[in-house]
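> Turn this into a structure:
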Amino acid sequence: MIVVSCLFVSSAALAQSTSFSDRDNQLQAVTLQLKWKHQFQFAGYYAALDKGFYRDAGFDVQISEHEGARSPLEVLLDGDAAFAVSGSDIVITRAQGKPVVALATVYQHSPYAFLVRGDSGIERIGDLAGRRIMIGKGFQDAALQATLKRSGLTEDDYQRIPISFNVKYNTQGMSRGRLLYEASASRELIQPLLVDIGYMHPERWEHIRDIFAELGFIDTGSSIDGLVYEEGEKTPEWMRWIDENLVFLVVTAAII
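Model (predicted):
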């Protein structure tokens, strides 16, 4: 799995969000649905809001954190957001014939990993058999599910625990050093000096589709035509600003 963090928009929402051209001083209200609770990984969106770049482009942007009940793509398809941050599960959604479009890939490498205690005795994926695994419902964590399945584990081989936002599992008492580390780690995954921010190659999406088909997540030969945003379409100005400035934000946002 290569692509994890992407910005998506339904075709209808894209048309709506890019039709604002009269600049009549009325801001267009749009919602950006995050894939998680408010975290540093979304620093670029927060900074753009704080600096007024969305407003300068004619948008009144509300950034909504993950609610838990619905996936970001479900929120998008229900019409409760114009844009959403999601992962490789968009391939499955598009293969199902739903009108979602990938606008940009921010993280070029996956940050996903299974975390275990050092004294758990777990050294490889196969050792997770018979264990409890906290993982997203449906295909929200499709990449992790694919890893389990490729290692020979079916859902009958482990106990799936719903994701909890309980402080017991995730304390937010992060030090300045921890945030600086997260900025550095994010930069390595984004690869801003090697790859243009938002770059997508159709063949990478097709490779993900083929893996999902191989594992039975979608039918073999499923079409994902129209998944990748076409350059001929107008890019929303606030998205263009993020593309141009995320490199700077990743480096500096930890000290804001």
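> rest of the way, CA atoms for contacts and neighbours
Noted.
> Give me the residue ranges of this structure where confidence is low.
For the chain, the stretches with pLDDT under 70 are 1-25, 165-176, 178-179, 231-256.
> which residues of the protein fall in helices?
11-17, 43-50, 53-56, 72-77, 89-95, 142-150, 176-190, 202-214, 237-252 (DSSP state H).
> Buried residues in the third one, which are they?
This points to helix 53-56. Across helix 53-56, burial judged by 16 or more other Cα atoms under 10 Å covers Phe53, Tyr54, Arg55.
> again with stretch 217-232
Phe217, Ile218, Asp219, Ser222, Ser223, Ile224, Leu227, Val228, Tyr229.
> likewise stretch 177-196?
Leu179, Leu180, Glu182, Ala183, Ser186, Arg187, Leu189, Ile190, Gln191, Pro192, Asp196.
> Quick check: Ala129 touching Leu153?
Yes - assessed by Cα atoms under 8 Å, Ala129 is found in contact with Leu153 at 6.9 Å.
> Can you work out which residues contact both of the two?
By Cα atoms under 8 Å, 6 or more residues apart in numbering, Ala129 and Leu153 have no common neighbours.
> For the nearest residue to Pro202 once chain neighbours are set aside, list the residues it contacts.
Taking Cα to Cα, 6 or more residues apart in numbering, and ignoring the residues beside it in sequence, Pro202 has Val228 as its nearest neighbour in space, at 6.8 Å. Applying Cα under 8 Å, 6+ apart, we find Val228 in contact with Val101, Ala102, Leu103, Met200, Pro202.
> Pull the number of nearby residues for the nearest residue to Lys37 once chain neighbours are set aside.
Of all residues not flanking Lys37 in the chain, Glu65 sits nearest, at 4.9 Å (Cα to Cα, 6+ apart). As a burial measure, Glu65 scores 15 neighbours (other Cα atoms under 10 Å).
> For Glu65, grab phi and psi.
phi -80, psi 160 (degrees, to the nearest 10).
> Distance of it relative to Phe212?
27 Å (Cα to Cα, to the nearest Å).
> just Leu49 next, same as before
For Leu49, the distance to Phe212 equals 36 Å [Cα to Cα].
> out of those two, which sits in the more crowded spot?
Between Leu49 and Phe212, Phe212 has the larger neighbour count (other Cα under 10 Å), namely 22 against 18.
> Am I right that that one is in contact with Ser222?
No - counting by Cα under 8 Å, Phe212 stays clear of Ser222, with 10.0 Å between them.
> Ser223 contacts Ala95, doesn't it?
Yes - if you go by Cα under 8 Å, Ser223 and Ala95 touch, sitting 5.7 Å apart.
> Tally up the residues packed near Met200, please.
Neighbours around Met200, by other Cα under 10 Å: 20.
> wouldn't it be in contact with Tyr107 here?
No - if you go by Cα under 8 Å, Met200 and Tyr107 don't touch, sitting 10.4 Å apart.
> residue ranges for the strands of the stretch 51-200 of the chain, please.
For the stretch 51-200 of the chain, the strands defined by DSSP state E, counting those that start in this stretch occupy 59-64, 83-86, 100-105, 132-134, 159-161.
> Could you dump the ones you listed into CSV and include distance to Ala142 and mean neighbour count?
Output for the strands of the stretch 51-200 of the chain, formatted as CSV (distance: least, Cα to Cα, whole Å; neighbours: other Cα atoms under 10 Å):
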stretch, distance to Ala142, mean neighbour count
strand 59-64, 22, 18
strand 83-86, 11, 26
strand 100-105, 16, 24
strand 132-134, 13, 14
strand 159-161, 14, 14
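> Now do Ser164: how many residues are near it, please.
13.
> Please report how far it lies from Ser88.
21 Å.
> Same check on Asp141?
Counting by Cα to Cα, the gap from Asp141 to Ser88 is 8 Å.
> And Lys37, by the same measure?
Where Ser88 is concerned, Lys37 sits at a distance of 19 Å (Cα to Cα).
> Which one's more surrounded, the two?
Taking other Cα under 10 Å, Lys37 and Ser88 do not tie; Ser88 has more neighbours (24 against 14).
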